[in-house]
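Q: below are the sequence and a predicted model for it; my questions follow.
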Amino acid sequence: MPHPETWLKVLPEGLFCEPGGFFIDPLRPVDRAIVTHGHSDHARPGNRAVLATEQTLAIMRARLGAGVGGSLQALDWHQSLTLGDVRVWLSPAGHVLGSAQVAMEYRGTRAVVSGDYKRTPDPTCAGFEPVPCDVFVTEATFALPVFVHPKPEHEIARLLDSVALFPERTHVVGCYALGKCQRLIALLRQAGWDKPIFLHGALAAMCDVYRDCGVSLGDLRPATAAAKAALVGAIVLAPPSAISDRWARRLEDPVAALASGWMRVRQRAKSRGVELPLVISDHADWNELLATLQDVGAPEVWVTHGREEALIHAAAGLGIRGRALRLVGYDEEGEGEPAVAVA
Ligand SMILES: [Zn+2]
Ligand SMILES: [Zn+2]
């Protein structure tokens, strides 16, 4: 049986499945791309053919417009397809709406590329499903033992406690437009916050895509159209770059919050002027990464974007052979958004 190393290769365009003739999340335009999810570092414009989940294609259409690519093909969960000599299917990755792992079988060996993923349940997307395989390709964004994410419900409770404590102020929560924003809204609704949630204009389009895909988000209103007085005691969501700039200063005595796995690092919160850091991540934390390696049972793991060395070392302790995949161009800082949004 051919080892995946012989048929799954790192090329300048990205990870290439040679016998299948396709790239996964290519960094440059290619003939045939399989896209794991809609974050801009994974879903780039200009590919001639794109295969992805229906939700990911909807996200890509909304973000990229006419640049989305040539022919678009949607694949349902677990629906398999033969490309060249390779059987391919998609399984949920639990990262954002539509996010998928790409499973590939070639001559009796199976490799799974997980894209970005998390294991904590998320009301806005299908949960991660471990796919047993021979080689598992994993991200390593938070692959250090210090990264153990608290329960998101706990962080939402901290936000609501602060809102109750400072009813005369406006809470402005920084979050990325795809995934984090909608997850925050859904978590707030689950926690019983049924008042309107106000949105910075940059967040509206993705919320519309989620709604079109059947995710209910409740009463959302544009923040810029609201009177300053209407935002007192309210929760406003905005891109991270907006929470401490001029845009936020028009709010009433704003409390700057930011939802990100990086908020575990106090210094990052401080340097960005974040008063209320919320540790809510759409990436697996250290324990989730290790649990996933054990769940998929692969004797070999290939590690990409993040702290490769630490995870490879820990994998060795579990008897799993590790290899750092030198793929550059994926964002490790912004949880999937352009690096400019992150100070
Ligand atoms: Zn990523
Ligand atoms: Zn992502």
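A: All right, it came through fine. Numbering: from 1, shown residues only. Ligands and ions are numbered 1, 2, ... in the order given.
Q: which residues of this protein lie near ligand 1?
A: 116, 330 (C-beta under 5 Å from the ion). Every C-beta, even on glycine, is put in place using the N, C-alpha and C of the backbone.
Q: run through the chain and note the low-pLDDT ranges.
A: The chain contains residues with pLDDT under 70 at 332-343.
Q: ok, which stretches of it are helices?
A: Here the chain has its helices, by DSSP state H, at 54-64, 152-165, 180-190, 204-212, 246-249, 266-271, 286-296, 308-317.
Q: and those, which is most packed in?
A: Mean neighbour count (mean count of other C-beta atoms under 10 Å) peaks for helix 180-190 among those, with a mean of 23.
Q: name the helices or strands packed onto it?
A: helix 152-165, strand 197-199, helix 204-212, strand 235-238 (3 or more C-beta pairs under 8 Å, 6 or more residues apart in numbering; DSSP states H and E).
Q: tally of neighbours for residue 35?
A: Residue 35: 30 surrounding residues under other C-beta atoms under 10 Å.
Q: can I get the helices of the chain in JSON lines with distance to ligand 2?
A: Converted to JSON lines, the helices of the chain look like this (distance: least, C-beta to the ion, whole Å):
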{"stretch": "helix 54-64", "distance to ligand 2": "11"}
{"stretch": "helix 152-165", "distance to ligand 2": "17"}
{"stretch": "helix 180-190", "distance to ligand 2": "10"}
{"stretch": "helix 204-212", "distance to ligand 2": "13"}
{"stretch": "helix 246-249", "distance to ligand 2": "25"}
{"stretch": "helix 266-271", "distance to ligand 2": "19"}
{"stretch": "helix 286-296", "distance to ligand 2": "15"}
{"stretch": "helix 308-317", "distance to ligand 2": "17"}
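Q: distance to residue 12 for the ones you listed - can I get that in JSON lines?
A: Shown next, in JSON lines, are these (distance: least, C-beta to C-beta, whole Å):
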{"stretch": "helix 54-64", "distance to residue 12": "22"}
{"stretch": "helix 152-165", "distance to residue 12": "38"}
{"stretch": "helix 180-190", "distance to residue 12": "31"}
{"stretch": "helix 204-212", "distance to residue 12": "30"}
{"stretch": "helix 246-249", "distance to residue 12": "39"}
{"stretch": "helix 266-271", "distance to residue 12": "32"}
{"stretch": "helix 286-296", "distance to residue 12": "27"}
{"stretch": "helix 308-317", "distance to residue 12": "19"}
